[in-house]
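>>> when you get a sec, could you give me coordinates for this:
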Amino acid sequence: MTHILSAIEVVIPIFIIIYLGYILKLKHIIDESFVTIAMKIVFTIALPSLLFLKVSQSEFSKLFHPDNMKLVLYMFILIMFMFLFAVLASKIYFKRIEGAFIQGAFRSNYILIGGAILMSMFGDQATEPLAVSTVMVIPVFNILAILVLNQTSGPNKYKDALIKIIKNPLILAIVAGLIVSILKWDIPNSFKQTLSMLGAVGTPLGLIGIGSYLNLKELRSSIPTYIAVFLKLIVFPLIAITGAYIFKFNYIETVTIFMLFGSPSAIRSFIMAKAMNNNAALAANIVILTTACSLITYIIGLSVLGYLY
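Prediction:
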């Protein structure tokens, strides 16, 4: 029961800030141009600061420890499978690659919500599986998202797309963070504090931006949103925990897997969709609805896992 209350406590502030964004837009305090500029600030400064800090402070070597390799490899294979599944679903429904739909279906708010619930349930026992999976998840999620959100076309589209990926602030931050982590360089506390403050701007600004896109009428009639929610909260978590049970992961590892694949769509998916001129309205709808529905799926999923283990 404690972890269910923890999930509620984590999710409620998210909805309060989303609603604040909706009210600010309704009262004409913020407008489309503000949101566009704000998301660019988050995308080019706040998120890269946060990613660099997280990756640089991770113990990259733990990824290759035999006890962790099985978990990380299983997660990586599933992420790739679900990404390709979402691409196929996009081509069937939209007849094209729809980046906002694809990343909304496979990308998870694992660290913000899932991580908080894991720590609430297991305390220090969850630290290592959470840490090693995060080292893999952050770069993989961001690279795949950039691939599908990229709007490059023309004869040199693959070359142009590669250049955009290499120049992307998130990728640069991850690479820099990995170098610092591998070489075990010490970062001055004042620099860490600065990066932490810049990174902290990202989530609330992103949530306000999502709220400004809230359209209840459109949300009720958005079939792509419902498809993405169904994949994100039901199909993919069910596949993930079934495989985890078959491959005999322990209880903590299986709950960690469930949190990765069963958490709602990442807030960053909206920020990136907006910053990269993709379908920001669809991205916002998916984030809002998966976050709302995740309270129910968390309860069901954790109850089933408690029964199985």
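>>> quick check, Leu233 in contact with Ser294.
Yes: taking CB atoms under 8 Å as the definition, Leu233 is a contact partner of Ser294 at 6.2 Å. Where you see a C-beta, it was placed from the backbone N, CA and C, and this is true even at glycine.
>>> identify the contacts common to these two.
Gly262, Pro264 (CB atoms under 8 Å, 6 or more residues apart in numbering).
>>> just give the closest residue to Ala273, not the sequence neighbours.
Once flanking residues are discounted, Ala273 sits nearest to Ala283: 3.8 Å by CB to CB, 6 or more residues apart in numbering.
>>> quick one: secondary structure of the one you found?
Here Ala283 is helix, with the state taken from DSSP: H, G, I helix; E, B strand; the rest coil.
>>> how many neighbours does it have?
Using other CB atoms under 10 Å, Ala283 has 31 other residues around it.
>>> surely it meets Arg107?
No: in this structure, Ala283 is not within contact of Arg107 by CB under 8 Å, at 9.9 Å.
>>> what is in contact with these two at once?
Applying CB under 8 Å, 6+ apart, one finds that Ala283 and Arg107 are jointly contacted by Ser265, Ser269.
>>> tell me how far the residue lying closest to Glu98 once chain neighbours are set aside lies from Asn279.
In space, and not counting its chain neighbours, Glu98 is closest to Ser90: 4.7 Å by CB to CB, 6+ apart. From Ser90 over to Asn279 the distance is 11 Å, taken as CB to CB, to the nearest Å.
>>> Glu9 now?
Taken as CB to CB, the span from Glu9 to Asn279 is 31 Å.
>>> of those two, which one has the most company?
When neighbours are counted by other CB under 10 Å, Glu9 and Asn279 differ, and Asn279 comes out ahead with 19 against 12.
>>> tell me if I'm right that that one and Glu98 touch.
Yes: using CB under 8 Å as the test, Asn279 is close enough to Glu98 to be in contact (6.7 Å).
>>> all the helices of the stretch 51-200 of the chain, residue numbers only.
66-93, 99-106, 115-122, 127-149, 157-167, 169-183, 189-212 (DSSP state H, counting those that start in this stretch).
>>> the ones you listed into a markdown table, with extra columns for mean neighbour count, mean pLDDT and distance to Ser222?
Output for the helices of the stretch 51-200 of the chain, formatted as a markdown table (neighbours: other CB atoms under 10 Å; pLDDT from 0 to 100; distance: least, CB to CB, whole Å):
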| stretch | mean neighbour count | mean pLDDT | distance to Ser222 |
| --- | --- | --- | --- |
| helix 66-93 | 16 | 92 | 12 |
| helix 99-106 | 29 | 92 | 10 |
| helix 115-122 | 20 | 77 | 27 |
| helix 127-149 | 21 | 82 | 19 |
| helix 157-167 | 13 | 69 | 28 |
| helix 169-183 | 17 | 84 | 27 |
| helix 189-212 | 18 | 87 | 14 |
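>>> who's in contact with Ser181?
Applying CB under 8 Å, 6+ apart, the residues near Ser181 are Val55, Ser56, Gln57, Ser58, Glu59, Phe60.
>>> related to what we said a few turns ago, OK, contacts around the residue nearest to Ala273?
With CB under 8 Å, 6+ apart, Ala283 has these contacts: Ala100, Gln103, Gly104, Ser265, Ser269, Phe270, Ala273, Lys274.
>>> OK, contacts around the second one?
Meaning Gln103. Counting by CB under 8 Å, 6+ apart, Gln103 touches Ala86, Leu144, Ala145, Val148, Leu149, Ser265, Ala266, Ser269, Met272, Ala273, Ala283.
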